[in-house]
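Visitor: Sequence and computational prediction follow.
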Amino acid sequence: MKNYKIRVSPDKFAAFLTIIAEPDQYPSEEEIYTCLRSNNVIFGILDDQISKIIKEKKPVSSVVVARGVMPKGLLDWKISIENPRKPTITKRNRADFKTLVSYQYVLKNELLVTLLDKSHSSSGKAVTGEKVAPPEDELHLPDYKNIRLSDDKKMLVADESGYIHWENNTLVIDDVFHVKGDVDYGTGNLKLKGSVIIDGDVRSGFRVETEGSIFVGGTVDAAHLYAQNGDITITNGILGQGRAKILCGGSLKCGFMQDANVAVKKDVTLERYAINCIISSGGVVKTINPDSVIRGGVITAEKGVIASEVGSERSLLTELKIRNYSEGESQTQLWKLSRERATLTMRLSSLVKRKEFLLVLLRSVKSLSKEKKTELNNIDTEIEALNLTLQNLSSEETVLQKETSKEIIQKEVQIHGIMHRNVRVDIGGMEYYCDNEIEAVRIFKLENELIVESLKDHTDSGYNIFIPERK
């Protein structure tokens, strides 16, 4: 079995060499050229590249060893609209099949393409030696959507900002990038500016990164998703295999999670279950079905956890944590307001003392200098402004104190079903360890204690409230 091979690209404008041999079994230069000929590669061979590979005797993967000459048509493209299955060639002259040339983001009023006269047209040549004529469809401007034609009928200009691509032989601009299938070797990794809709799955090893939102109609495998400013919705769920990473600047909605690492700025909503996941949320982590479960892993939320069932009958360790307990948004603003009040009060006290001194001086000398009169007037003006500011701060403080009390109420763990043994709840650094199965409880922090209270009605015989020992 050969330990090297040549692969010709579908368009026949490039040939790639892969060698997996150890130095003592490395193919000779003659064998490489024989392999090229057997694959009908006779044009554009990169002799220097082949010599370098043979000299180094290292394994290589999909290195370009032949390049054809592309034909020149009548369309002068100002942007890159290329074969979506064409790999990106790295600085080391290797083909990256996860980074495909498949999309381009354009801005409104950007020039896209110009129709040239026939003198600019020329044929190309494939690595197989075949002459390649310019495509017939380059004899005129293509059909288009969300694009306008210039007055001279020779240029196409973007009529809106978005992704430009071919759709049924029509040049189209959409503000949402739509993948009508899976994210895999057919699309490569996606790095986008706007939102993206993926009808299928995101396969293992691939990455979707965007400034907007991400919608996945299928499943996310051991892949990476990053929505910088938007939400993420995964219809089915995540089968992470311990390698999935989800970063979200908004909220995340997901059918299920398993063996995934998730960090979300706002809320996390789960339909069915989270198993062996590390979840970090700046909002609330909640499950929405009565039979949903959180089992294993570490769930950290800033505003609370709401779940049906937590843990397992086999006592798998499950941790629920609420962090930044005393540093909610309103509490933080309240602290900043208090610091500002202290600074203004000190300034007011200093001004009052200075004013008292000037008034004593006035009674003594009967008349103040022009500079001191001006200073006294300025002091009166600033004192009036400071008193008004302090009054406004007082009103704002009252509102923030009400908001703070709401945040404290929200920051709790609610378990509406069963909490199994070996579940650890940590709220603001204080822990409650469940060593016996309990049902329908809320756990929250009151002053310096954790309270475990039944979610049942106060008149129910199962209602109970107790303060556990701190661990």
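Guide: Good, I have the coordinates. Residues are numbered from 1 along each chain as shown.
Visitor: those helices in this protein, which residues are they?
Guide: 29-38, 47-56, 329-365, 370-410 (DSSP state H).
Visitor: quick one: low-confidence ranges for the stretch 351-471 of the chain?
Guide: Along the stretch 351-471 of the chain, segments meeting pLDDT under 70 span 401-410, 457-471.
Visitor: re the thing from before, switch the helices of the chain over to a markdown table; also include distance to Gly242 and mean neighbour count.
Guide: For the C-beta atoms, the positions are set from N, CA and C on the backbone; glycine is no exception. Output for the helices of the chain, formatted as a markdown table (distance: least, Cβ to Cβ, whole Å; neighbours: other Cβ atoms under 10 Å):
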| stretch | distance to Gly242 | mean neighbour count |
| --- | --- | --- |
| helix 29-38 | 39 | 14 |
| helix 47-56 | 35 | 14 |
| helix 329-365 | 33 | 13 |
| helix 370-410 | 32 | 13 |
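Visitor: Adding distance to Gln241, write those helices out as CSV.
Guide: As requested, these are exported to CSV (distance: least, Cβ to Cβ, whole Å):
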stretch, distance to Gln241
helix 29-38, 37
helix 47-56, 34
helix 329-365, 36
helix 370-410, 34
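Visitor: closest to Leu317 out of these?
Guide: helix 370-410 (26.0 Å; Cβ to Cβ).
Visitor: helices and strands around that closest one, which ones?
Guide: Judged by 3 or more Cβ pairs under 8 Å, 6 or more residues apart in numbering; DSSP states H and E, the packing partners of helix 370-410 are helix 329-365.
Visitor: right, and the helices of the chain - which one's nearest Ile279?
Guide: Closest among those, using Cβ to Cβ: helix 370-410, at 17.7 Å.
Visitor: re earlier: between the helices of the chain, which one is closest to Tyr226.
Guide: That would be helix 329-365 among those, by Cβ to Cβ, at 24.1 Å.
Visitor: Counting by contacts, list what the closest one packs against.
Guide: So helix 329-365, by 3+ Cβ pairs under 8 Å, 6+ apart, packs with helix 370-410.
Visitor: Quick one, which of the helices of the chain gets closest to Ile19.
Guide: Nearest of those to Ile19, taken as Cβ to Cβ: helix 47-56 at 7.1 Å.
Visitor: Can you give the distance of that closest one from its chain's centre?
Guide: Relative to its parent chain, helix 47-56 has a centroid offset of 41 Å by Cα atoms, centre = their mean, to the nearest Å.
Visitor: show me what contacts Phe43?
Guide: For Phe43, the contact set (Cβ atoms under 8 Å, 6 or more residues apart in numbering) comprises Ala66, Gly68, Lys125, Ala126, Val127, Thr128, Gly129.
Visitor: Excluding chain neighbours, what is closest to the first one?
Guide: So that's Ala66. Of all residues not flanking Ala66 in the chain, Ala15 sits nearest, at 3.9 Å (Cβ to Cβ, 6 or more residues apart in numbering).
Visitor: Make sure that neighbour is actually in contact with Val63.
Guide: No - using Cβ atoms under 8 Å, Ala15 makes no contact with Val63, being 9.8 Å away.
Visitor: between these two, who's got more neighbours?
Guide: Relative neighbour count places Ala15 above the other of Ala15 and Val63, with 27 against 21, counting by other Cβ atoms under 10 Å.
Visitor: who's that one bridged to?
Guide: In this structure, Ala15 bridges to Val8, Ala66 when assessed by DSSP bridges.
Visitor: on that earlier part again, so, if you compare the contacts of Phe43, which one comes nearest to Arg421?
Guide: Distances from Arg421 to those, taken by Cβ to Cβ, are shortest for Ala66, at 65.3 Å.
Visitor: Looks like the closest one contacts Phe13 (just checking).
Guide: No - using Cβ under 8 Å, Ala66 is not in contact with Phe13; the gap is 9.2 Å.
Visitor: which neighbours do these two share?
Guide: Joint contacts of Ala66 and Phe13 (Cβ under 8 Å, 6+ apart) are Val127.
Visitor: Among those two, which residue is more densely surrounded?
Guide: Just comparing Ala66 and Phe13: by other Cβ under 10 Å the higher neighbour count belongs to Ala66, 27 against 22.
Visitor: Do you know the pLDDT at the more buried one?
Guide: In the predicted model, Ala66 carries a pLDDT score of 95.
Visitor: how near is it to His416?
Guide: Note on Ala66: its distance to His416, by Cβ to Cβ, to the nearest Å, is 65 Å.
Visitor: try Cys248
Guide: 25 Å.
Visitor: What is the burial count for Lys12?
Guide: The local packing of Lys12 (other Cβ under 10 Å) involves 20 other residues.
Visitor: In contact with the spatially closest residue to it that is not a sequence neighbour: list those residues for me.
Guide: Leaving aside its sequence neighbours, Lys12 sits nearest to Ala126 (Cβ to Cβ, 6+ apart; 3.8 Å). Listed by Cβ under 8 Å, 6+ apart, the contact set of Ala126 reads Asp11, Lys12, Phe13, Phe43, Gly68, Val132.
Visitor: Then Arg295?
Guide: Tyr273, Ala274, Ile275, Asn276, Val310, Gly311, Ser312, Leu316, Thr318.
Visitor: surely the last one meets Gly311?
Guide: Yes - Thr318 is in contact with Gly311 according to Cβ under 8 Å; the separation is 4.7 Å.
Visitor: what's the overlap in contacts for the two?
Guide: Joint contacts of Thr318 and Gly311 (Cβ under 8 Å, 6+ apart) are Ile294, Arg295, His420, Asn422, Val423.
Visitor: correct me, but the last one touches Cys434?
Guide: Yes - judged on Cβ under 8 Å, Val423 makes contact with Cys434 at a distance of 4.3 Å.
Visitor: More neighbours: those two, which one.
Guide: More neighbours surround Val423 than the other of Val423 and Cys434, with 26 against 23 (other Cβ under 10 Å).
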